[in-house]
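**Q** Predicted structure and sequence below. I'll ask about it afterward.
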Amino acid sequence: MEKPAKTKADLVVRRRAAEEPRALSFGQERLWYLDQLSPGNAVYNTPLLLRLSGALDISALHKALECVMQRHEVLRTAFLSSAGRPVPVVPKKRALGFRELDLREISGDAQHKELSRLINEEAARPFNLARDPMFRALLVRTGEHEYMLLSVIHHIVFEGGSVEILFSDLADFYNAEIAGKPAALPELEIDYFDFVAWQRRALTDERLAILNSYWNRQLRGAPLVDLPLDFPRPAVHTMRGAKYYFRFSPELFASAERFFAESGTTSYRSLCAAFVVLLHCYTGLNDISVGTPCAPRCRGIENLIGFFVNTVVLRVQLENDLSFRRLIRKVDVNLFSAITHSDLPLHMVVDAVQPPRDPSRTPLFQVNFRAPQTPYPRLELDGVTAGAVEVLDNGTAKFDLALEIGEFVNGASYFEYCSDLFKKETIVQMAEDFQTILTDLITRPNAAFSGLPAVRAVGKRVEMQVAVSR
């Protein structure tokens with residue numbers, strides 16, 4: 001039996017020694033190298049769009065955004081190159097990229113089109129990691145007391161889990177500014193680069209050997225999830241993509257929530273299991289690998305903005321007599337095991353497993369799955385009403401296919417797909433198939449999934465379509 005890798009004390013991030021230089025986290029290094037290979041790509045832009053209504057103090061908002069950037073040094077970081085290696089440089093102060101535009105002179109469809117153009121252009125404008133601030137904002141005034149606020153942050157300094165901290169800190173600074181008093185935020189005890197030091201210290205030679213052995217056993221020989229394509233696969237993965245948004249029917253939504261509650265499972269595990277069944281129908285495979293994000297297993301970073309998440313690979317092997325309930329348990333076991341071994345960064349997992357390299361595909365997995373367990377928070381500015389965060393389509397796709405189910409936490413559900421591989425019509429059909437299969441699975445969770453009418457019907461239709469296309 002493998003002994004625990006860390007004690008509780010080891011899991012707490014503390015301030016690094018004064019003489020210890022800053023370094024990039026493993027995830028940041030990977031994004032930096034990807035940017036070197038394909039500069040000027042917006043695939044790792046994180047755009048957050050909010051509708052604001054009320055007596056907004058624009059000067060106070062600008063200052064509050066600057067204060068957030070000053071508080072979190074990772075947002076001020078420039079990523080330079082030295083002898084072909086990335087070096088983080090953090091200036092004491094750095095200006096936020098802030099633009100303010102006024103569209104009140106136009107209205108109706110003309111305003112809507114111009115607003116969409118501005119937002120889409122800004123969301124897709126790439127960052128220069130060495131030169132640009134990694135955090136910029138565009139405020140567009142559409143009415144006397146109506147605004148759209150777009151924040152665009154590069155993933156190298158930010159992730160979905162940072163949204164809550166960003167909004168909380170921004171509200172504290174803004175509300176203090178309009179009240180004419182200092183913000184009551186306590187000083188941060190650590191910074192992002194203290195987490196990086198902890199991450200690198202934790203990956204000892206002994207732990208590295210255990211992790212390499214685990215992932216090698218887990219993933220070696222896993223087949224490609226080769227979905228039927230509408231277009232020939234380009235020689236190099238292009239990352240051009242689109243999002244297709246969809247909503248569950250009210251009946252399916254209610255049935256799924258009842259099933260989660262009665263089964264004592266989470267929406268994540270059940271929906272991931274159903275997604276694996278969908279992939280089985282489209283590929284004919286009984287051995288499916290899916291990527292999914294995983295938070296680090298440490299404490300002390302709760303108030304920090306940064307890029308902490310790692311991607312783990314869930315390899316789920318199906319037997320034809322497997323019921324949905326048993327499949328959920330299998331996903332649960334695989335997920336727990338993957339989380340336990342999640343401190344090995346994905347690029348090191350690739351090195352350990354050494355799959356055949358193919359520049360037209362991402363290694364180890366080609367399909368990604370997310371089902372957030374908590375919704376994006378609301379921004380609470382005094383005198384201002386903020387709408388829910390809107391997830392934007394910036395015209396990119398990191399993988400062949402990705403599914404995010406946010407509906408059960410009042411978020412968006414969508415497929416993100418490589419538009420050089422799939423037509424939109426194919427993805428629309430896939431979203432319908434997913435809901436049909438999920439309905440059958442939760443209705444008869446104790447039956448063998450392979451015999452369910454929806455599974456058989458979808459699998460047969462895809463098989464016939466592939467035969468015709470040949």
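**A** It's in. Residues are numbered from 1 along each chain as shown.

**Q** ok, Ala64 - contacts?
**A** Contacts of Ala64 were listed using Cβ atoms under 8 Å, 6 or more residues apart in numbering, and they are 170, 173-174, 177. In this view, the C-beta of every residue, glycine as well, is placed from N, C-alpha and C.

**Q** In those residues, which residue is surrounded by the most others?
**A** When neighbours are counted by other Cβ atoms under 10 Å, Tyr174 leads the contacts of Ala64 with 27 neighbours.

**Q** ok so, going back, how about the contacts of Ala64, which pair is most distant?
**A** Pairwise distances across those peak at 10.6 Å for Leu170 and Glu177 (criterion: Cβ to Cβ).

**Q** Just confirm Met148 is within a strand.
**A** Yes - judged by DSSP: H, G, I helix; E, B strand; the rest coil, Met148 forms part of a strand.

**Q** Can you give me the distance of it to Leu103?
**A** 9 Å (Cβ to Cβ, to the nearest Å).

**Q** same check, this time on Leu335
**A** Using Cβ to Cβ, Leu335 is found at 46 Å from Leu103.

**Q** just Val428 next, same as before
**A** Taking Cβ to Cβ, one finds Val428 at 32 Å from Leu103.

**Q** The two: who's more crowded?
**A** Leu103 (18 against 13).

**Q** Surely that one is in contact with Lys113?
**A** No - counting by Cβ atoms under 8 Å, Leu103 stays clear of Lys113, with 10.4 Å between them.

**Q** Where do the helices of the stretch 1-150 of the chain begin and end?
**A** For the stretch 1-150 of the chain, the helices defined by DSSP state H, counting those that start in this stretch cover 26-37, 58-71, 108-124.

**Q** swap that for the stretch 251-400 of the chain, sorry
**A** Counting by DSSP H, counting those that start in this stretch, the helices of the stretch 251-400 of the chain are 267-283, 324-340, 346-353.

**Q** Can you check what angle separates the first one from helix 324-340?
**A** Compare the direction of helix 267-283 with that of helix 324-340 by axes from the mean of the first three to the mean of the last three Cα atoms, to 10 degrees and you get 110 degrees.

**Q** And helix 267-283, what does it pack against?
**A** With contacts defined as 3 or more Cβ pairs under 8 Å, 6 or more residues apart in numbering; DSSP states H and E, the packing partners of helix 267-283 are helix 250-263, strand 287-294, strand 310-317, helix 324-340, strand 367-370, strand 401-405, helix 424-443, helix 453-469.

**Q** now the ones you listed as JSON lines including mean pLDDT?
**A** Listed next are the helices and strands packed on helix 267-283 as JSON lines, based on pLDDT from 0 to 100:
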{"stretch": "helix 250-263", "mean pLDDT": "95"}
{"stretch": "strand 287-294", "mean pLDDT": "96"}
{"stretch": "strand 310-317", "mean pLDDT": "96"}
{"stretch": "helix 324-340", "mean pLDDT": "95"}
{"stretch": "strand 367-370", "mean pLDDT": "98"}
{"stretch": "strand 401-405", "mean pLDDT": "97"}
{"stretch": "helix 424-443", "mean pLDDT": "98"}
{"stretch": "helix 453-469", "mean pLDDT": "92"}
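
**Q** Please name whichever of these is nearest to Leu52.
**A** strand 401-405 (24.8 Å).

**Q** Can you pull out the residues in contact with the following helix or strand past the closest one?
**A** Next along the chain after strand 401-405, taking DSSP states H and E as the criterion, comes strand 413-418. Contacts to strand 413-418, defined as Cβ under 8 Å, 6+ apart, come from residues 237-248, 391, 397-407, 427, 430-431.

**Q** are any of these buried, and which?
**A** With neighbours counted by 16 or more other Cβ atoms under 10 Å, the contacts of strand 413-418 contain buried members at 237-239, 241-244, 246, 248, 391, 397-407, 427, 430-431.

**Q** Contact partners for Ile339?
**A** 294, 297, 312.

**Q** so how far is Val313 from the second one?
**A** Arg297 sits at a distance of 17 Å from Val313 (criterion: Cβ to Cβ).

**Q** More neighbours: those two, which one.
**A** Val313 (22 against 13).

**Q** hey, what's that one bridged with?
**A** Per DSSP bridges, the residues bridged to Val313 are Gly291.

**Q** any idea which helix or strand carries Glu164?
**A** Per DSSP H and E: helix 163-179 holds Glu164.

**Q** What are the contacting residues of that helix?
**A** By Cβ under 8 Å, 6+ apart, the surrounding residues in contact with helix 163-179 are 48, 57, 60-61, 63-65, 67-68, 71-72, 151, 158, 182-185, 303-305, 376-383, 389.

**Q** who's in contact with Val349?
**A** Contact analysis of Val349 by Cβ under 8 Å, 6+ apart lists 215, 219, 313, 364.

**Q** Could you find the closest non-adjacent residue to the second one?
**A** Spelled out, that is Leu219. Val353 (4.8 Å; Cβ to Cβ, 6 or more residues apart in numbering).

**Q** I'd guessed that neighbour sits against Arg217; true?
**A** No - applying Cβ under 8 Å as the test, Val353 and Arg217 come out as separate, 9.5 Å apart.

**Q** out of these two, which sits in the busier spot?
**A** Comparing Val353 with Arg217 by other Cβ under 10 Å, the one with more neighbours is Val353, at 19 against 10.

**Q** show me what contacts that one?
**A** Taking Cβ under 8 Å, 6+ apart as the test, what Val353 contacts is 215-216, 219-220, 364.

**Q** Could you do Ser162 as well?
**A** Taking Cβ under 8 Å, 6+ apart, one finds 304-306 in contact with Ser162.

**Q** Which of the residues you listed sits closest to Cys281?
**A** Gly306 (38.4 Å).

**Q** how many other residues sit next to the closest one?
**A** Counted by other Cβ under 10 Å, the residues lying close to Gly306 total 26.

**Q** circling back: and the buried ones among the contacts of Val349, selectable in ChimeraX?
**A** This is the ChimeraX syntax for the buried subset of the contacts of Val349, where burial follows 16+ other Cβ under 10 Å:
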select :215,219,313,364
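
**Q** Redo the contacts of Val349 as CSV? Include distance to His280.
**A** Shown next, in CSV, are the contacts of Val349 (distance: Cβ to Cβ, whole Å):
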residue, distance to His280
Trp215, 23
Leu219, 18
Val313, 17
Leu364, 18
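
**Q** what about Tyr244, helix or strand, and which?
**A** For Tyr244, the host element (DSSP H and E) is strand 241-246.

**Q** For that strand, name the packing helices and strands.
**A** strand 413-418, helix 424-443.

**Q** most neighbours per residue, which of these?
**A** Sort the helices and strands packed on strand 241-246 by mean neighbour count, taking mean count of other Cβ atoms under 10 Å, and strand 413-418 sits at the top with a mean of 23.

**Q** In its sheet, which strands sit next to that strand, and in what direction?
**A** strand 241-246 (antiparallel), strand 401-405 (antiparallel).

**Q** Turn these into JSON lines, columns for distance to Ala256.
**A** Supplementary listing: the strands paired with strand 413-418 in JSON lines, determined by distance: least, Cβ to Cβ, whole Å:
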{"stretch": "strand 241-246", "distance to Ala256": "14"}
{"stretch": "strand 401-405", "distance to Ala256": "10"}
